[in-house]
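1. the following comprises the amino acid sequence and a computationally predicted model.
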Amino acid sequence: MKRFIPLCVALALPPALAQVEVYGVLDLAVTSDSDAGKRVTKVDSGQQTASRLGIKGSEDLGSGLRAIFDVESQIEADTGQPSFAGRPFGSQSWVGLSGPFGAVRAGRMFTPYFGAIASNDPFDAKGPGESTRVFYDSGVRMDNTVKYSLPATLGGVYGDLAYGAGEVAGNSQANRQLSGDVGYAAGPLNVVLAYHSANDGQGMKLARSHLLGGSYDFGRLKGWLVLARSRNDRTLDTRDTLFGVSVPVGRHLIAADYVHKSDFTNRDADATQLALAYYHTLSRRTNLYLIGSQLSNDGGASYQVSLPGGTRRVIAAGMRHQF
């Protein structure tokens with residue numbers, strides 16, 4: 001399929017100008033999920049990486065310029081249903097222009113703030129061990145967005161700035177979002193600062209979030225750290241912390257993290273998650289995994305549980321194939 005589509009495009013466009021690729025992930029696991037003592041065993045999609053199908057491509061416009069695009073559908077592989085009801089391409093849908101100046105994109109895309117979380121989470125912010133089960137993530141994606149990204153020629157410096165228009169007539173502040181990150185990645189070190197601001201439908205501030213994250217690869221192990229704070233003017237003031245480690249051993253990888261939320265607005269509303277995972281690589285595209293996590297809530301908190309103060313334990317054994 002990957003070879004067929006570029007061939008068809010090449011027949012329709014001038015030679016050597018367009019490149020189109022179909023890609024995707026299928027990730028399925030058998031999970032044991034205990035929520036406040038009630039256990040269910042099921043087949044779940046996306047316990048390591050969200051299952052998805054996408055089409056991306058670029059066209060050489062000359063003088064170093066390229067037209068770029070990506071349309072991506074996230075799916076629940078256990079049922080075949082789309083993850084976002086009524087959005088066939090709810091994962092991503094954007095078009096842009098890249099060149100020596102960087103890249104400008106417009107459409108629906110991941111927020112730079114969420115990208116900063118995911119790139120500093122040993123579980124890639126997905127599945128039973130993901131930090132965003134506890135972290136305030138300020139929204140994973142932004143609609144109606146224009147984003148600028150720095151070029152990859154700045155000696156390890158990278159950054160993004162994204163603006164999401166609320167598109168509410170008569171109120172330019174309603175549903176507005178602003179997100180950005182700036183970081184440095186070179187050799188074993190990666191460090192990033194990120195910010196996200198989001199308004200509600202009336203233009204009131206939902207949250208202002210600040211994040212400092214980083215990782216360092218020591219060779220035999222890699223360490224991860226994320227510190228974040230989210231506030232608004234009324235009801236939100238939380239601090240989130242992640243400490244993580246991953247240890248590669250040949251075809252094997254062991255990962256673990258500790259995630260904690262401190263709530264400074266609501267009494268007795270903190271939460272703590274511990275997670276451990278094992279991954280076994282079968283090929284460049286395929287791996288098996290076993291992931292377990294326990295999320296414990298204080299009496300006034302209810303993260304990922306049906307009852308305040310509850311504890312949730314999840315174990316997932318699965319397989320991921322990328323194509």
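-> Ah, there it is. Numbering: from 1, shown residues only.

2. and the nearest residue to residue 235 once chain neighbours are set aside, which of the three is it?
-> Leaving out its chain neighbours, the residue that sits closest to residue 235 by C-beta to C-beta, 6 or more residues apart in numbering is residue 265, at 6.0 Å. Using the backbone N, CA and C atoms, a C-beta is placed for each residue, glycine as well. Three-state call for residue 265 (DSSP: H, G, I helix; E, B strand; the rest coil): coil.

3. where's residue 255 relative to residue 248, distance?
-> From residue 255 across to residue 248, the span is 10 Å (C-beta to C-beta, to the nearest Å).

4. and those two? Which one has more around it.
-> When neighbours are counted by other C-beta atoms under 10 Å, residue 255 and residue 248 differ, and residue 255 comes out ahead with 23 against 16.

5. so which residues make contact with the host helix or strand of that one?
-> Assigned by DSSP states H and E, residue 255 falls within strand 252-263. Outside strand 252-263, the residues that touch it by C-beta atoms under 8 Å, 6 or more residues apart in numbering are 121-123, 129, 131, 133-136, 224, 237-247, 269-281, 300-301, 303.

6. repeat for stretch 171-183
-> Here stretch 171-183 makes contact (C-beta under 8 Å, 6+ apart) with 111-113, 115-116, 138-139, 142, 145, 157-168, 190-203.

7. run the last query once more with 6 Å
-> Residues outside stretch 171-183 that contact it (C-beta atoms under 6 Å, 6 or more residues apart in numbering) are 111-113, 116, 142, 158-164, 166, 168, 191-199, 201, 203.

8. for the protein, just list every one of the helices.
-> Secondary structure of the chain (DSSP state H): helices located at 4-12, 112-118.

9. comparing those, which yields the minimum mean pLDDT?
-> Set side by side, the helices of the chain give their lowest mean pLDDT on helix 4-12, at a mean of 45.

10. for the stretch 101-250 of the chain, what spans make up the strands?
-> 102-110, 141-149, 157-164, 177-186, 189-199, 205-217, 222-231, 237-249 (DSSP state E, counting those that start in this stretch).

11. residue 115 - how many residues pack around it?
-> Residues near residue 115, counting by other C-beta under 10 Å: 20.

12. now residue 235
-> Residue 235, neighbours per other C-beta under 10 Å, totals 10.

13. show me which strand runs longest in the protein.
-> Looking across the chain with DSSP state E, the single longest strand is strand 18-35.

14. who does residue 194 bridge with?
-> residue 181, residue 211 (DSSP bridges).

15. from the contacts of strand 252-263, which would you call buried?
-> 121-123, 129, 131, 133-136, 224, 238-242, 244-246, 269-273, 275-277, 279, 301, 303 (16 or more other C-beta atoms under 10 Å).

16. how about residue 183: what's its closest non-neighbour residue?
-> Excluding its sequence neighbours, the residue lying closest to residue 183 (C-beta to C-beta, 6+ apart) is residue 192, at 3.3 Å.

17. these two touch, right, that neighbour and residue 213?
-> Yes: the pair residue 192 / residue 213 is scored as a contact, 5.1 Å apart, by C-beta atoms under 6 Å.

18. what residues are shared contacts of these two?
-> Counting by C-beta under 6 Å, 6+ apart, the shared contacts of residue 192 and residue 213 are residue 116.

19. run a quick neighbour tally on the residue nearest to residue 43 when sequence neighbours are not counted.
-> Distances taken as C-beta to C-beta, 6+ apart put residue 78 closest to residue 43, at 4.6 Å, once the chain neighbours are dropped. Using other C-beta under 10 Å, residue 78 has 15 neighbouring residues.

20. repeat that for residue 233.
-> Neighbours of residue 233 under the rule other C-beta under 10 Å: 8.

21. now do the phi/psi pair for it.
-> The phi and psi values for residue 233, taken as degrees, to the nearest 10, are phi -90, psi 0.

22. that one: what's it in contact with?
-> Shown in contact with residue 233 (C-beta under 6 Å, 6+ apart): residue 205.

23. measure it to residue 205 for me?
-> Counting by C-beta to C-beta, the gap from residue 233 to residue 205 is 6 Å.

24. nearest to the spatial middle of the chain, which residue is it?
-> The chain has residue 118 as the residue nearest its centroid, 4.8 Å off, counting by C-alpha atoms, centre = their mean.

25. wait, doesn't that one sit right on residue 125?
-> Yes: in this structure residue 118 lies within contact range of residue 125 using C-beta under 6 Å: 3.8 Å.

26. how many neighbours does residue 311 have?
-> For residue 311, the count of nearby residues is 17 (other C-beta under 10 Å).

27. right, and it touches residue 298 too?
-> No: the criterion here is C-beta under 6 Å, and residue 311 misses it with residue 298 at 10.8 Å.
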